[in-house]
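>>> my questions concern the predicted model and sequence given below.
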Amino acid sequence: MQIQTDASDIEIIRHVLSGEVNAFEILIERYQSHVFSIVRRHVPNAMVDEVAHDVFVRAYQGLAGFAEKSGFKGWLSGISVRACYDFWRKKYRVREVPISQLTDAHQEWLENMASNESAAAFDENGRQSATLEILDWALGQLSAGDRMVVDLIYFEGLSHKEAGALMGWSIPNVKIRSWRAKKKLHKILFEEKRKNRGAG
Amino acid sequence: MKPFSKPFNHAMDRLFGRLAAVYQSKAADTEPADSRWRQNVMRSVRQIGVIETNSPEGLACISWRLAPVAVVLMVLMTLWVARIDSALEFQIASIVVSEPMQPYEYDPF
């Protein structure tokens, strides 16, 4: 039986579960931009395609366990975030995350940030790339879990409840992790600056 | 939990504000996936095949996952029973040794 492309998610899922594997492509087409928008925020650009691929394969494998009461989009968002988390866990396990030192430009950025200079001044000075490098460097010092929590809570502005639902963690766990991760980031960024200044 | 100090919060808020802005721009930068990517995903999906719902394989999988737990429980229970058993035997032995039965005490008639 041929399924219409405008059929509801639940209808498509029922078709897929009844053995019509090709119907899953409609779901991919429908939600690929949503999945990509999540994955892009959490993993390096070069790995986005691979992780998004993994998200849809996991979604297909877990389709039988999908509860119709929860929306497919929300369910897929959770799978996407956890796939990104697993990506970083794997990276950290094989120690592929570079632990580099801050350059002079980065240290200057941090100096300015610690002072009262306005955010607009950074943009005028073209510090966007330095900020991006600092961000990658600082997040690279955190554990995979802390990294995901910082991304979700502080950079995406999700509540503890929302982040917990996406990661499959309890709210107190997310609260404690986010607090610790923030403290750790402060130590990484500001103490590194002080250390480097002392060495110079 | 110790609260953050004021200067800490101030510096961190400013820093996180800047990092968050760059983080958001990072997500908007890249182009969408092409149809070749979608075909690759569908190839992987077809390789997996039709999903079995409520299959006996799933039940077997759960049984295998529970097997190590069952073994550990059995070992623990065996040790527990052995310990209780030896403790009882020790108690009986100590009673017998401390209070030996006198021949006149055993007179069923």
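Done, it's in.

>>> the host helix or strand of residue A:59 and chain B, any residue contact?
Secondary structure from DSSP states H and E places residue A:59 in helix A:48-61. Yes: remark: helix A:48-61 sits within contact range of chain B at A:48-49, A:52-53, A:56-57, A:60-61, by Cβ under 8 Å from any Cβ of the partner chain. Using the backbone N, CA and C atoms, a C-beta is placed for each residue, glycine as well.

>>> skip ahead from that helix and say which helix or strand is next.
Stepping forward along the backbone from helix A:48-61, the first helix or strand reached (DSSP H and E) is helix A:72-93.

>>> what are the buried residues along that next one?
Along helix A:72-93, the positions that meet the burial threshold by neighbour count (16 or more other Cβ atoms under 10 Å in any protein chain shown) are A:72, A:75-85, A:87-88, A:91-92.

>>> find the pair from the residues you listed with maximum spatial separation.
The largest distance within the buried residues of helix A:72-93, taken as Cβ to Cβ, falls between A:72 and A:92 and amounts to 30.5 Å.

>>> any buried residues in stretch A:151-171, and which?
Along stretch A:151-171, the positions that meet the burial threshold by neighbour count (16+ other Cβ under 10 Å) are A:151-156, A:158, A:160, A:162-167, A:169.

>>> avg pLDDT for it?
Computed over stretch A:151-171, the mean pLDDT rounds to 88.

>>> quick one: residues contacting the residue nearest to residue A:72 when sequence neighbours are not counted.
Sequence neighbours aside, residue A:9 is the residue nearest to residue A:72 in space, at 4.1 Å (criterion: Cβ to Cβ, 6 or more residues apart in numbering or on different chains). Residues in contact with residue A:9 (Cβ atoms under 8 Å, 6 or more residues apart in numbering or on different chains) are A:27, A:30, A:71-73.

>>> of those residues, which is the nearest to residue B:72?
Closest approach between the contacts of residue A:9 and residue B:72, by Cβ to Cβ: residue A:72, at 38.4 Å.

>>> which helix or strand in the chain has the lowest average pLDDT?
You didn't pick a chain, so chain A it is. Scoring the helices and strands of chain A by mean pLDDT, DSSP states H and E places helix A:119-124 at the bottom, with a mean of 52.

>>> what angle separates the next helix-or-strand element following it from helix A:72-93?
Following helix A:119-124 in sequence order, the next helix or strand is helix A:128-140 (DSSP H and E). For helix A:128-140 against helix A:72-93, the angle by axes from the mean of the first three to the mean of the last three Cα atoms, to 10 degrees is 80 degrees.

>>> what helices or strands is helix A:128-140 leaning on?
Helix A:128-140 makes packing contacts with helix A:104-114, helix B:6-29 when contacts are defined by 3 or more Cβ pairs under 8 Å, 6 or more residues apart in numbering or on different chains; DSSP states H and E.

>>> CA atoms only for that helix, dumped as PDB, please.
Once non-C-alpha atoms are left out, helix A:128-140 reads as follows in PDB (Å, rounded to 0.1, in the frame of the first residue of the first chain):
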ATOM      1  CA  GLN A 128      34.500  36.500  16.100                       C
ATOM      2  CA  SER A 129      37.000  33.800  15.000                       C
ATOM      3  CA  ALA A 130      39.000  34.200  18.200                       C
ATOM      4  CA  THR A 131      35.800  33.800  20.200                       C
ATOM      5  CA  LEU A 132      34.900  30.600  18.200                       C
ATOM      6  CA  GLU A 133      38.400  29.200  18.900                       C
ATOM      7  CA  ILE A 134      38.200  30.000  22.600                       C
ATOM      8  CA  LEU A 135      34.800  28.300  22.700                       C
ATOM      9  CA  ASP A 136      36.100  25.200  21.000                       C
ATOM     10  CA  TRP A 137      39.200  25.200  23.200                       C
ATOM     11  CA  ALA A 138      37.300  25.700  26.500                       C
ATOM     12  CA  LEU A 139      34.600  23.100  25.700                       C
ATOM     13  CA  GLY A 140      37.400  20.700  24.700                       C
END
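
>>> in that helix, what's buried?
Using 16+ other Cβ under 10 Å as the burial criterion, the residues of helix A:128-140 that qualify are A:130-131, A:133-135, A:137-140.
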